[in-house]
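Q: Need the 3D shape of this:
(one chain, ligands or ions: 2)
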Amino acid sequence: MGRGSVITVYVPGDAGASSLGADRVARALETEAGKRGQQVRIVRNGSRGMYWLEPLVEVVTAAGRVAYGPVTVAQLPKLLDAGMLDGAAHELRLGDMNRHPWLASQQRLTGARLGVVDPASLDDYLAHGGYAGLQNALGMLPAEIVRAVTDSGLRGRGGAAFPTGIKWQTVHDQRAGQKYIACNADEGDSGTFSDRMLMEGDPFALIEGMTIAGIAVGATQGYIYLRIEYPHAARALARALQAARQRGYLGSDILGSGRRFDVAVRLGAGAYICGEETSMLESLEGRRGEVRVRPPLPAIKGLFGQPTVVNNVVTLATVPVVLARGAAFYQDFGVGRSRGTIPLQLAGNVKQGGLVERAFGLTVNQLVYDYGGGSATGRPVRAVQIGGPLGAYLPAARFDTPLEYEALAANNALLGHGGVVVFDDRVDMARMARYALEFCAVESCGKCTPCRIGSARGVELVDRIIAGRADATRNGAQQADLALLDELCDTMFNGSLCGLGGMTPFPVRSALQYFREDFLPGARAPNSIAAGPAASVKMG
Ligand SMILES: Cc1cc2nc3c(=O)[nH]c(=O)nc-3n(C[C@H](O)[C@H](O)[C@H](O)COP(=O)(O)O)c2cc1C
Ligand code: SF4
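A: Residues are numbered from 1 along each chain as shown. Ligands and ions are numbered 1, 2, ... in the order given. Predicted coordinates for the structure are as follows:
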């Protein structure tokens, strides 16, 4: 141990890592190193997204960063005695994370700096390629910036996958005294955490993306609509916004260009529907989060009635990559009309949950087995739910499906925000169908009947179907109820005003289509979802 010199140690300050003990490890590290006469500088970086290894501690040695994980407070004294601060051998030693196959096989573009940089340091951001995109954008005409985003093929990562360049073009073309950039950081989907990781681990990327968007469309004010359940992200953003303002990356004269842009954070009180863009705008304006009837589109009449770009965190944090490295570079990744990379979030009953950023086209099999290592329980994987609580379930027989927009659509599924939740063979799919309808009933904004009433009737209907499974003589009535459930899905799909009511049929119908046996009399006894580890729990 190089006593005397200060050793830099990275201990993630990410909410997921903190929930696994990273804060305690950081405190104990300082104390234990002090006892040994060694000064340490602890950097609270973001997570690299390997949650089964958190808290993942990295020590800066003469030979580079050396990782250990998962580190517990109880193990720390022995780890230090073994020479951890010199990068010495230990059973928890992981070595250079950049060479770890789980990370090295990824194509991290949007998440390139996650776990690498100090999210509180603008200098670190600059040293790792930050603000190169904005520098380029400042030398371009607004229409050229919009064109670059269009040519990159970037589509919105919040769920609807709408082409980002087209949305920007619409706002760009509006004549208005005031335009806005509204970043959707509500991240309500179960099993998703890429927005959170980016805001906590690389907040300047989002701020840079929003600034580029503002310059491109002529907006001078941005808002980040952040769910209140993300206090770590709120702190990271507040720190980064202050640093960006101090150094002229935000404000009335960005880097001396004469362009103006600033960003404010608004906390949402936590309703799933506030992630829907028009509800989000209502909430941002201080009203109850209720869906607005479209048209007009937010791009024409959005926040406070002004033209507004509404984009997801991942979408906006990807924009600097496009502007720094070029549209052709970005659109070279991916397949078909799914261009670029997607940060997939692997959660649920899986051995190695976390963030996997790859070009579109990775199959479910590759994600669940090559990255996930199969189920955490060691039992066969029976299903995955893709795209949040309103996403479809796919059975193991369809795990060769590539994770890209069109291939999933061909399977009546969607990619949504890229969350993939894994279930083992004990999952009761009738109960999962019930859960989808119950979720809709609880989260419905109540504005339209198919969603407000349909979801409640759907719960009752599935309850009857579940009860009917124990009665083998009920087959005819059961079939009639299943047909009625299908009809209800039709009504909700076609008659709902927004995606909450309109997409709830996806999990219900996919459960019916691929796992029909779970709905029929004689179906195996409902197992306990609760017995499985964190079946649909949001990571972090
Ligand atoms: C019920 C519902 C919830 C949604 N929740 C979110 C969310 O939490 N975050 C998000 O970015 N988009 C969410 N969306 C999608 C947004 O309405 C919108 O399409 C998106 O913010 C646009 O940004 P993008 O083009 O960058 O994806 C939701 C949509 C619906 C229908
Ligand atoms: S579908 Fe549901 S959440 Fe959407 S507008 Fe109708 S009632 Fe509201």
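Q: So Arg41 lies in a strand, does it not?
A: Yes - counting by DSSP: H, G, I helix; E, B strand; the rest coil, Arg41 is located in a strand.
Q: Look up the residues forming beta bridges with it.
A: Thr8 (DSSP bridges).
Q: Ala120 versus that one, what's the distance?
A: Remark: distance between Arg41 and Ala120 (CB to CB, to the nearest Å) = 13 Å. Just so you know, the C-beta spots here come from the backbone N, C-alpha and C atoms, and that holds for glycine as well.
Q: Of the two, give the one with the bigger neighbour count.
A: Ala120 (18 against 11; other CB atoms under 10 Å).
Q: Quick check: Ala271 touching Gly289?
A: Yes - using CB atoms under 8 Å, Ala271 makes contact with Gly289 at a distance of 5.2 Å.
Q: Please enumerate the shared neighbours of these two.
A: Residues touching both Ala271 and Gly289 (CB atoms under 8 Å, 6 or more residues apart in numbering): Ser279, Ser283.
Q: For Glu406, list the residues it contacts.
A: Glu406 neighbours (CB under 8 Å, 6+ apart): Gly336, Arg337, Ser338.
Q: dump the residue contacts of Ser257.
A: With CB under 8 Å, 6+ apart, Ser257 has these contacts: Leu138.
Q: give me phi/psi at it?
A: phi -90, psi -10 (degrees, to the nearest 10).
Q: Kindly report the same for Met503.
A: Main-chain torsions, Met503, degrees, to the nearest 10: phi -110, psi -10.
Q: Same check on Gly156?
A: Per degrees, to the nearest 10, the backbone of Gly156 is at phi -60, psi 130.
Q: Count the residues that sit near it.
A: Using other CB under 10 Å, Gly156 is surrounded by 20 other residues.
Q: what residues are up against it?
A: Contacts of Gly156 (CB under 8 Å, 6+ apart): Phe162, Pro163, Thr164, Lys167, Asn311, Asn312, Thr315.
Q: So which of those belong to helices?
A: Thr164, Lys167, Thr315 (DSSP state H).
Q: correct me, but the last one touches Leu154?
A: Yep, that's Thr315 we're talking about. Yes - using CB under 8 Å, Thr315 is in contact with Leu154, at 6.7 Å.
Q: what touches both of these two?
A: Taking CB under 8 Å, 6+ apart as the criterion, Thr315 and Leu154 both touch Thr164.
Q: List the residues that contact Ser47.
A: Each residue near Ser47 by CB under 8 Å, 6+ apart is listed here: Pro12, Asp14, Gly16, Ala17, Glu54, Leu56, Leu114, Gly115, Met197, Glu200, Gly201, Leu355.
Q: Of the residues you listed, keep whichever come out buried.
A: Pro12, Asp14, Gly16, Ala17, Glu54, Leu56, Leu114, Gly115, Met197, Glu200, Gly201, Leu355 (16 or more other CB atoms under 10 Å).
Q: so the fifth one touches Val25, yeah?
A: No - judged on CB under 8 Å, Glu54 makes no contact with Val25 at a distance of 9.5 Å.
Q: Could you tell me how far His100 is located from ligand 2?
A: Separation of His100 from ligand 2 (CB to the nearest ligand atom, to the nearest Å) stands at 42 Å.
Q: For that residue, give me the backbone phi and psi.
A: When read as degrees, to the nearest 10, the backbone of His100 gives phi -70, psi 130.
Q: Most widely separated two among the contacts of Gly156?
A: Pairwise distances across the contacts of Gly156 peak at 13.3 Å for Pro163 and Asn312 (criterion: CB to CB).
Q: how near is Ala234 to ligand 2?
A: Separation of Ala234 from ligand 2 (CB to the nearest ligand atom): 26 Å.
Q: that older thread, give me the subset of the contacts of Gly156 touching ligand 1.
A: Contacts with ligand 1 within the contacts of Gly156, as defined by CB under 6 Å from any ligand atom: Phe162, Asn311, Asn312, Thr315.
Q: can you put the residues you listed in JSON lines and add pLDDT?
A: JSON lines is the format used below for the ones next to ligand 1 among the contacts of Gly156 (pLDDT from 0 to 100):
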{"residue": "Phe162", "pLDDT": "98"}
{"residue": "Asn311", "pLDDT": "98"}
{"residue": "Asn312", "pLDDT": "98"}
{"residue": "Thr315", "pLDDT": "98"}
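Q: Of these, keep whichever come out buried.
A: By 16+ other CB under 10 Å, those give Asn311, Asn312, Thr315 as buried.
Q: of those, closest to ligand 2?
A: Comparing these against ligand 2 with CB to the nearest ligand atom places Asn312 closest, at 18.4 Å.
Q: Make TSV out of the ones in helices among the contacts of Gly156 and add distance to Gln242.
A: Output for these, formatted as TSV (distance: CB to CB, whole Å):
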residue	distance to Gln242
Thr164	28
Lys167	29
Thr315	24
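Q: tell me which of those residues is nearest to ligand 1?
A: Nearest to ligand 1 among the ones in helices among the contacts of Gly156, counting by CB to the nearest ligand atom, is Thr315 at 3.3 Å.
Q: quick one: contacts for that closest one?
A: Taking CB under 8 Å, 6+ apart, we find Thr315 in contact with Leu154, Gly156, Arg157, Gly158, Thr164, Gly209.
Q: between those, which is nearest Cys451?
A: Taking CB to CB as the measure, Gly158 is the one of the contacts of Thr315 closest to Cys451, at 19.6 Å.
Q: what sits against the closest one?
A: Asn184, Gly275, Glu277, Asn311, Asn312, Val314, Thr315, His417.
Q: tell me which parts of the chain are close to ligand 2?
A: Where the chain comes near ligand 2, counting by CB under 6 Å from any ligand atom, the residues are 273, 291, 444-448, 451-452, 496-498, 500-501.
Q: Please pick the buried ones from these.
A: By neighbour count, with 16+ other CB under 10 Å, the residues of the chain next to ligand 2 hold 273, 291, 444-445, 447-448, 451-452, 496-498, 500-501 as buried.
Q: how about those residues in JSON lines, adding secondary structure?
A: Compiled in JSON lines, these are given as follows (three-state DSSP):
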{"residue": "Ile273", "secondary structure": "helix"}
{"residue": "Val291", "secondary structure": "coil"}
{"residue": "Ser444", "secondary structure": "coil"}
{"residue": "Cys445", "secondary structure": "coil"}
{"residue": "Lys447", "secondary structure": "coil"}
{"residue": "Cys448", "secondary structure": "coil"}
{"residue": "Cys451", "secondary structure": "helix"}
{"residue": "Arg452", "secondary structure": "helix"}
{"residue": "Ser496", "secondary structure": "coil"}
{"residue": "Leu497", "secondary structure": "coil"}
{"residue": "Cys498", "secondary structure": "coil"}
{"residue": "Leu500", "secondary structure": "helix"}
{"residue": "Gly501", "secondary structure": "helix"}
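Q: of those, list those near ligand 1.
A: Ile273, Cys498, Leu500.
Q: For those residues, give me a markdown table that also has pLDDT.
A: Converted to a markdown table, these look like this (pLDDT from 0 to 100):
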| residue | pLDDT |
| --- | --- |
| Ile273 | 97 |
| Cys498 | 97 |
| Leu500 | 97 |
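Q: Poorly predicted segments of the stretch 301-450 of the chain, please.
A: By pLDDT under 70, the stretch 301-450 of the chain has no low-scoring segment.
Q: in it, which spans are strands?
A: Using DSSP state E, counting those that start in this stretch, the strands of the stretch 301-450 of the chain run over 308-312, 334-335, 338-339, 341-348, 354-359, 381-386, 393-395, 419-424.
Q: Check which helices and strands the second one sits against.
A: It stands for strand 334-335. The helices and strands touching strand 334-335, judged by 3 or more CB pairs under 8 Å, 6 or more residues apart in numbering; DSSP states H and E, number zero.
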